[in-house]
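**Student:** Compute the structure for the input listed below.
(2 chains)
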Protein chains: 2
Amino acid sequence: MTAERDPAPGSSPGAAQPRPSSTNAFRLERGGPASPRAGLLTTGHGVVRTPAFMPVGTAGSVKGLAPDEIRAAGTQILLANTYHLMLRPGAELVRELGGLHAFMGWDGAILTDSGGYQMVSLKERVRISEEGVEFRSHLDGHLEFLSPERAMEIQADLGPDVAVTLDHAVPLPAPAADVRDGAERTLRWTERSLARAASLTTPTGLPQLHFAIVQGGGDPALRGEMAARTAAFPCDGFALGGLSLGETKAETWASARGANEALPADRPRYLMGMGTPEDLLDGIASGVDLFDCVLPTRNARNGMAFTSEGTLNIRNAAHARSPLPLDPRCGCAACARFTRAYLRHLHQAGEILAHRMLTLHNVTFYQTLMKEAREAIDRGAFDVYEREFRRRYRARRDDASPPEAQE
Amino acid sequence: MTAERDPAPGSSPGAAQPRPSSTNAFRLERGGPASPRAGLLTTGHGVVRTPAFMPVGTAGSVKGLAPDEIRAAGTQILLANTYHLMLRPGAELVRELGGLHAFMGWDGAILTDSGGYQMVSLKERVRISEEGVEFRSHLDGHLEFLSPERAMEIQADLGPDVAVTLDHAVPLPAPAADVRDGAERTLRWTERSLARAASLTTPTGLPQLHFAIVQGGGDPALRGEMAARTAAFPCDGFALGGLSLGETKAETWASARGANEALPADRPRYLMGMGTPEDLLDGIASGVDLFDCVLPTRNARNGMAFTSEGTLNIRNAAHARSPLPLDPRCGCAACARFTRAYLRHLHQAGEILAHRMLTLHNVTFYQTLMKEAREAIDRGAFDVYEREFRRRYRARRDDASPPEAQE
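**Tutor:** The predicted structure follows:
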C-alpha cells in the first residue's frame, strides 16, 4: 500500500503494518509469501498440515459421507456454510446441542464461511447496504439480515475452529469503481467483524480463529493493496474471496499471487471456493495454504470421478462391463471393493451407494493430492511433483473439464 | 390334499407325497410345521440361522448401505429382484462379472425372487398366458418375456444361493375360480421351473437352492391343498406368495398357517414381501423361517425409524432439539453417533446421510428382532419374548402404522 491511500479503517494513521496474529496458531515450516508452502495450523480440534483441502459440508454433512469416512479419506478440516446453517437448523439450536462438531459427530477441525458468497449467488433476493445484507431465505422466503457483527455471532454459536469475516464480493465483469467499492466495504466490514468476534465465545469454550477476507476482483494491484491493508488487522489468517467469479484464469492466479505477495508469510491464506485438481496445484504454487470446493462432492453425484489419469464419467457405456476400480492407483474403500461396471449400474439406477462411493473416492483423490503435494514441498520437489501429476492427469478425459463450482 | 384332486402336474398318480429336498441344505433344530422354528440353512455363502430377515437389495444394492454395513446390521442373507436386474444391468452382464455376489461385493447369502410379483404390480403392462408373462419394461417400454424356464435361466446367471420358481399371483379380492386358476398354473410353472433349473449352473459353480412358490389367495383350505401338492416337488424350500395382496390380516395368517401345516417340517418356508415387526412375530409363530420386506429400507427414506418403543417419524418437530439417539436400546452406528436432532436436520435438508443412517438403524432393528426371537425359540421362550416385545413396541407411535409395502 502507498501513503496516499487510507489506512485500514479505524486504525490510527501509520498503524497499517502487518500485525502479529492474536493466537500464533499457524507455523510456517517451508516456503515464502507467494511460493509453495508447508505449514501447521493448530486448532481446537487437531493440527492441520497445510496445504490442506476442505471438503464442503454445506448443511453440516459432506453429502453422503459419515464422519469416519471423511476422516479415512485424509480430511483434517472441513467447511460448513454459515448461510445454510443459520437458516436451517439455526445457529442457536446448534449451540444448544454443543456446537457443530458435536452436532455432526466430527472431531476434526471445521471452518465456516461467513455467508458473504451466498449473498452474491442469491442475486435479486438480496439488498446490500453499509449496515449489512438483507436477503430472503431460499427455503421459505422470510427476510433475514446479516451484518458483519451478526455473521460472527452466528459463527460463534456454530463453534467452528475457524470463522471468517463478512465480505462484499462483486461478481465480474464489473466497473473498476464497483470492484473497489466492494473491496473498501469489505475492509470496513472486516474491522466490524473482528471487533464483534473479540467478545464472543464458542459453545465448547474452545478458541476460535478468525480469518479476514481480501477482496479486489481480478486486478492484481488492487488485490495487493487490499491484502496489505487487511494484513493490518490482528486476524489469524486470510481468505481470498471473490475469485473465480467471472475473471479469466490468468487474472485469478495473478490476483491470488498479488494478494499473497502482500500478505505476511507467517499467517495462513485460504483460497475460497475453487477448484479443479490443477487449480489446487496453481494455488499451492502461488502461496495458498487452504482450499475448499464442491467439485469433488457435487461432481461425484453427477457421475464424475477424478482419477490419476484424468476425469472419468461413470455414465459412459465404455465402463458398462469394466472390472476395473475407478482408479487402480487409489486406496479408498470404493476402489478396494467395487468395479466401474457395478458403480455405473448403481449410478444409472439412481442408487445412493453410487453417490456415496464416488464422493468417497473423489474426496480421497483430493486429499491424496494434497498429502503428496505437502510431502513434495517438504523435500523441496514440488515442481517435479506438479509436472508429473499434470502429465499423468492429462492422459485421459471422459468428458469436458468440469465447470467451476461453488456453493 | 384329497384323492379327488389332481396330483401335482407331471407327477405320476399317487406320487404326490412330500419328497426330500435334493440337497438337505436345511436343518430344523426346533419347532414343527406351524409353530416357532429354529433352523440352519446352509448356502454356498455361509449358514443362515433362521428365522431370518432378508433386507431388500432391489437393483443389487440395499439402498444406501455398503456391504460391510449390511453385515454389521446382522444380515446373513439378502434379497435381490430378478425383474429389476434382468432389465438393468442384465443377467448376462452379471454372469460375465462373476455373479451377483462378486458384482455387488457381498459375500453373504443371496436369494432372488422370480419376478412373478413384479408382473402383478405392472398391471396393464403385462399379458399372462400359459407359456409365460409378456411385459413392457418400466424403464424404456421394450417388450420382455418371462417364462418359468427363463426365470430360472436368469437366476442361474445372477447366481444367488437361492432361486425361486415363477408363479402367478392373483391380487385379491378376486373370484374363487381365478384364485384357483392362478394357484394351479403356479403348480404347472413350478414343475417347468424346477425341470429347467436342474440343468443350469451358476457363474461360480456353487450350488443353487430352489424354492417353489405356494399360491392360493386368502383361503386356508386352498393354501393347504396347494402346499401339499407343492411339497411333492423335490425343491429345497417353499415360498408363500401372493399374501398381503388385498386379503385381511386374519386371512393372511390363517392362510400362512394353512400352508405351513401342509408343508414338510424339514424344509424352509419363506413368506414373501411382508411385513412390520409385528408381522414377523406372527409369521414366526405360524412357522415361517425367512422374511423379506422393503419397510425398514423404504420407510427409512421417508423418515420413519423403527424403535423398541414403536415407530418414530424423524420429521416431527418434537425431535428438533432432542439429544437422544433414535433408539437408546440400539447398538447401531447411527445410534452410537447421532442425535435425533441431527438426523431430523439432515432429513429436512434432504441429505443422503439421513437416508443412510435411518436405513442402517432400521435394518439393525429388524435383524436384532430376528436374533432375539431366534434366541427365545432356542430356550423355548418365544411366547414370553413376543409378549414383551409387543408390550414395549406399543408404548409410542409417532404416526399411523406404516402401509404394507413390497417391491
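**Student:** got a list of what the closest residue to chain B within the stretch 101-250 of chain A touches?
**Tutor:** Proximity of the stretch 101-250 of chain A to chain B (CB to the nearest CB) peaks at residue A:105, 4.6 Å away. Where you see a C-beta, it was placed from the backbone N, CA and C, and this is true even at glycine. Taking CB atoms under 8 Å, 6 or more residues apart in numbering or on different chains as the contact definition, residue A:105 lies against A:67, B:337, B:338, B:342.
**Student:** how about 6 Å then?
**Tutor:** Under the criterion of CB atoms under 6 Å, 6 or more residues apart in numbering or on different chains, the neighbours of residue A:105 are A:67, B:337, B:338.
**Student:** now do residue A:61
**Tutor:** Counted by CB under 6 Å, 6+ apart, residue A:61 has contacts B:346, B:351, B:353.
**Student:** Can you select the buried ones among the residues you listed for me in ChimeraX?
**Tutor:** Buried members of those, defined by 16 or more other CB atoms under 10 Å in any protein chain shown, are picked up in ChimeraX with:
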select /B:346,351,353
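**Student:** From the contacts of residue A:61, pick the one nearest residue A:372.
**Tutor:** residue B:353 (28.5 Å; CB to CB).
**Student:** Which helix or strand contains the closest one?
**Tutor:** helix B:352-378 (DSSP states H and E).
**Student:** what's next to the lowest-mean-pLDDT helix or strand in chain A, contact-wise?
**Tutor:** For chain A, the helix or strand with the lowest mean confidence is helix A:116-122, at a mean of 80 (criterion: mean pLDDT, DSSP states H and E). Contact partners of helix A:116-122, identified using CB under 6 Å, 6+ apart, comprise A:83, A:126, A:133, A:135, A:166, A:167, A:169, A:171.
**Student:** Going by neighbour count, list what's buried in that helix.
**Tutor:** So, applying 16+ other CB under 10 Å, buried residues of helix A:116-122: A:116, A:117, A:118, A:119, A:120.
**Student:** How about stretch A:130-146?
**Tutor:** So, applying 16+ other CB under 10 Å, buried residues of stretch A:130-146: A:132, A:133, A:134, A:135, A:146.
**Student:** likewise stretch A:283-299?
**Tutor:** Buried, per 16+ other CB under 10 Å, within stretch A:283-299: A:283-299.
**Student:** sorry, back to before: most surrounded residue in the contacts of residue A:105?
**Tutor:** residue B:338 (24 neighbours; other CB atoms under 10 Å in any protein chain shown).
**Student:** Report the separation between the residue nearest the centre of chain A and residue A:86.
**Tutor:** Relative to the mean C-alpha position of chain A, the nearest C-alpha, by CA atoms, centre = their mean, is the one of residue A:292, at 2.9 Å. Using CB to CB, to the nearest Å, we find residue A:292 at a distance of 18 Å from residue A:86.
**Student:** likewise residue A:230?
**Tutor:** Taking CB to CB, one finds residue A:230 at 24 Å from residue A:86.
**Student:** Looking at these two, which has the bigger crowd around it?
**Tutor:** With neighbours defined as other CB under 10 Å, residue A:230 and residue A:86 compare such that residue A:230 has more, 29 against 25.
**Student:** residues from the stretch 251-400 of chain A in reach of chain B?
**Tutor:** Contact residues (CB under 6 Å from any CB of the partner chain) of the stretch 251-400 of chain A with chain B: A:337, A:338, A:341, A:342, A:345, A:346, A:349, A:351, A:352, A:353.
**Student:** In a markdown table, list those residues along with pLDDT.
**Tutor:** Listed next are those as a markdown table, based on pLDDT from 0 to 100:
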| residue | pLDDT |
| --- | --- |
| A:337 | 97 |
| A:338 | 98 |
| A:341 | 98 |
| A:342 | 98 |
| A:345 | 98 |
| A:346 | 98 |
| A:349 | 98 |
| A:351 | 98 |
| A:352 | 97 |
| A:353 | 98 |
